[in-house]
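>>> Fold the stuff below for me.
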Amino acid sequence: MLGEQPPPLHLVTPSGAASNAADEVSALSDSFGVTLDPWQELVLEAALGERANGIWTAKQVGLSAPRQNGKSQLIVARALAGALLFGEKKIIISAHAQDTARETFGKLLEQIEQSPALEDRVAKVMNALNREYVKFVNGAVIQFKARTVSGSRGFSCDCLLLDEAQILGMPAWVSINSTMSARPNPQVWLLGTPPTPEDNPEVFRSVRTSALSGKSRAVAWAEWAAKPTDDPAAEETRRAANPAWDTRINHEIVQGEYETYPPDRFALDRLGIWPEDLAPRIVTAADWSALAIPAAEVPTGQPAAFAVDAGHDRRIQIGVCVRGTRDHIELAAVGDVAGSLDTLQAVEWLTARAGRRIPVVVDSYSPAASMVPALKAARVNVIVTNAGDMAKACGDWFDAVAAGTISHFDQAAVNQALASAKKRPIGQAGGWGLDRTNPEANISPLVTLILALYGARLNTKPKTGRVMTSA
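Numbers count the residues shown, from 1 in each chain. This next block holds a predicted model:
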């Protein structure tokens, strides 16, 4: 896999482009002896779409990736293109601290010194601390500013490249946007890493949210990160988060980070996972694992309740609960529901096993709720839950885990669902359900277990007979 670079976890490219200048930037960098990485070219392609009138489709460009993957080289390439290709007369590269700004300045100077073709285009270099700039023969200037030194003063320019964007405060951001509003075709880049508790991430987070939610049509966003459920010790997880894994990243250093950082800090700094995506688990893996039992210990009583749920992909999950000294919950069946035939099969499965006595619980907000009319037509005892019921069900399941009064079958699909499950508030009194908004987080296996437990505890009449499972 040497040289292969993973795609970004999130990539947002504004629409409406009649042309794209990314290839020109890559060619210019090549002519100066620096070949950009494929991932850098991908960011440029997302950022440099142009409408027919030459206006950038992306007024703001955001990039989130772990450190040392090559963001500084991308900044230099975009700045040089602005000065030498795009007719931008003033480009500013800014970082939170002077050391970082000067480091990027040094990278530009190194490229100038190593490329006679680039050096011939340079008219003047100012190397004085806090006054660094490069002026070109055509009159364009690339300036370097530290925000801690200059605040937001003097940031009016054609292209503004904000490094360490996770430390950019809202007052400075408002002022910067005001100073650039008179420019005919400005573009602002925000490049950074997922924010730590010590950072000031309001601006960077708002740009990310605007891009990923589709709220803004003028924001390009690229983000490399692992998924919160990925194994942080696995090389494929680290490669997914670091686009320059095979070209720039020292693997031994990363292993040292893994061994010495707290897990949440390693997830932020090296795996690129944003804090809000790294929300604390509803139930820890250790607490959940402690309730697992082997197949030989699964109760043999008749099911007290079934539950059915489906995710965004409409894959049906069926859960079952058997009452006992500890109420046992597990996935009873898994099937695909892509059309009416598969739906009919799921209805038939439940009708055969639940009959008229054993309740089948379905959340009214679930995609599986489309099965309710067919289940009722088959005279199945269907319980359709509302938001209040879901809050009760989740609270009861959470308390049962804490008290150790339930068991489960340690099924991989449930464990994965639990790892990615997040709370959503219900009402104003602390109730909660499970957040269904993320299409990549299939929580339906966990939902079925929670609702099956809920249905069983509503259905308190003892049952006898053999359990009907096919997990």
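>>> excluding its backbone neighbours, what's nearest the residue nearest to the spatial centre of the chain?
Residue closest to the average C-alpha location in the chain (C-alpha atoms, centre = their mean): Asp277, at 6.0 Å. Residue nearest to Asp277 in three dimensions, not counting chain neighbours: Pro228, with 5.6 Å by C-beta to C-beta, 6 or more residues apart in numbering. Bear in mind the C-beta positions are built from the backbone N, C-alpha and C, glycine included.
>>> I'd like to know how many residues surround that neighbour.
18 (other C-beta atoms under 10 Å).
>>> heads up, I number from 31, so please use that
Got it, the first residue is 31 from now on, which makes the last one we talked about Pro258.
>>> wait, is it part of a strand?
No. Using DSSP: H, G, I helix; E, B strand; the rest coil, the assignment for Pro258 is coil, not a strand.
>>> which residues touch it?
297, 303, 307-309, 449-450 (C-beta atoms under 8 Å, 6 or more residues apart in numbering).
>>> Of the residues you listed, keep whichever come out buried.
Listed as buried from the contacts of Pro258 are 297, 303, 307-308, 449-450; burial here means 16 or more other C-beta atoms under 10 Å.
>>> Show me which of the contacts of Pro258 is closest to Trp379.
When these are compared for distance to Trp379 (C-beta to C-beta), Ser450 wins out at 26.2 Å.
>>> The closest one - nearest residue in space that isn't next to it in sequence?
In this structure, Ser450 finds its nearest non-sequential neighbour in Ala471, 3.9 Å apart by C-beta to C-beta, 6+ apart.
>>> my guess is Met156 meets Ile172, correct?
No. Counting by C-beta atoms under 8 Å, Ile172 is not a contact partner of Met156; they are 10.6 Å apart.
>>> Common neighbours of those two, please.
The contact sets of Met156 and Ile172 overlap at 163-164 (C-beta under 8 Å, 6+ apart).
>>> who has more neighbours, these two?
Taking other C-beta under 10 Å, Met156 and Ile172 do not tie; Ile172 has more neighbours (26 against 13).
>>> Which secondary structure state is assigned to that one?
Of the three states, Ile172 takes strand under three-state DSSP.
>>> what about stretch 200-213, distance to the chain center?
28 Å (C-alpha atoms, centre = their mean, to the nearest Å).
>>> what about Phe135, which helix or strand?
Under the criterion of DSSP states H and E, Phe135 resides in helix 128-144.
>>> Just after that helix, pick out the following helix or strand.
According to DSSP H and E, the helix or strand after helix 128-144 is helix 146-149.
>>> Show me what that next one is packed up against.
Contacts defined by 3 or more C-beta pairs under 8 Å, 6 or more residues apart in numbering; DSSP states H and E place helix 146-149 against helix 128-144.
>>> ok so, going back, between the buried ones among the contacts of Pro258, which sits nearest Ala270?
Out of these, the member with the shortest distance to Ala270 (by C-beta to C-beta) is Ile303, at 10.7 Å.
>>> show me what contacts that closest one?
By C-beta under 8 Å, 6+ apart, the neighbours of Ile303 are 224, 255-258, 271, 297.
>>> So what's the residue count around Gly385?
Neighbour tally, Gly385, other C-beta under 10 Å: 13.
>>> Let me see the contact set for the nearest residue to it once chain neighbours are set aside.
Spatially, and ignoring its direct neighbours in sequence, Gly385 is nearest to Val410 (7.4 Å; C-beta to C-beta, 6+ apart). By C-beta under 8 Å, 6+ apart, the contact set of Val410 is 380-381, 384-386, 390.
>>> Kindly report the same for Leu488.
Neighbours of Leu488 in contact, by C-beta under 8 Å, 6+ apart: 335, 389, 413.
>>> ok, of those residues, which come out buried?
Buried members of the contacts of Leu488, scored by 16+ other C-beta under 10 Å, are 335, 389, 413.
>>> Sort out for me which of the residues you listed are in strands.
If you go by DSSP state E, the buried ones among the contacts of Leu488 have 335, 413 in strands.
>>> Please convert the buried ones among the contacts of Leu488 to CSV, extending it with pLDDT and distance to Leu78.
Listed next are those as CSV, based on pLDDT from 0 to 100; distance: C-beta to C-beta, whole Å:
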residue, pLDDT, distance to Leu78
Ala335, 95, 56
Pro389, 95, 58
Ile413, 95, 55
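>>> mind putting the buried ones among the contacts of Leu488 in TSV, distance to Val444 included?
As requested, these are arranged in TSV below (distance: C-beta to C-beta, whole Å):
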residue	distance to Val444
Ala335	17
Pro389	21
Ile413	21
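>>> now, among the buried ones among the contacts of Leu488, which is nearest to Asn83?
Minimum distance to Asn83 across the buried ones among the contacts of Leu488 is 59.0 Å, recorded for Ile413 (C-beta to C-beta).
>>> was I right about that closest one contacting Val391?
Yes. Counting by C-beta under 8 Å, Ile413 touches Val391, with 4.7 Å between them.
>>> Now list whatever residues contact both of those two.
Overlap of the contact sets of Ile413 and Val391 (by C-beta under 8 Å, 6+ apart) consists of Gly485.
>>> the helices in the stretch 181-330 of the chain, which residues?
Along the stretch 181-330 of the chain, counting by DSSP state H, counting those that start in this stretch, helices occupy 200-210, 232-243, 265-271, 281-290, 293-299, 315-319.
>>> part of a helix, is the residue nearest to Ser450?
No. Using three-state DSSP, the secondary structure at Ala471 is coil, not a helix.
>>> nearest to Arg247, of the buried ones among the contacts of Leu488?
For the buried ones among the contacts of Leu488, the closest approach to Arg247 (C-beta to C-beta) belongs to Ile413, at 43.2 Å.
>>> so how far is Pro403 from that closest one?
Distance of Ile413 to Pro403, computed by C-beta to C-beta, to the nearest Å: 15 Å.
>>> same question, Thr226
Remark: distance between Thr226 and Pro403 (C-beta to C-beta) = 51 Å.
>>> The two: which has the busier surroundings?
It is Thr226, of Thr226 and Pro403, that has more neighbours when counted by other C-beta under 10 Å, with 14 against 11.
>>> Give me the pLDDT value at that one.
Looking at Thr226, its pLDDT stands at 88.
>>> who touches it in this structure?
Applying C-beta under 8 Å, 6+ apart to Thr226 gives the contacts 196, 295, 298-299.
>>> does Gln144 really touch Gly63, like I thought?
Yes. Taking contacts as C-beta under 8 Å, Gln144 lies within contact range of Gly63: 5.9 Å.
>>> Please point out which parts of stretch 390-407 sit buried.
For stretch 390-407, the neighbour count (16+ other C-beta under 10 Å) marks 390-393, 396-399, 401-402, 404-405 as buried.
>>> Report the contact partners of Lys452.
Residues near Lys452 by C-beta under 8 Å, 6+ apart: 309, 312, 464-465, 468, 471.
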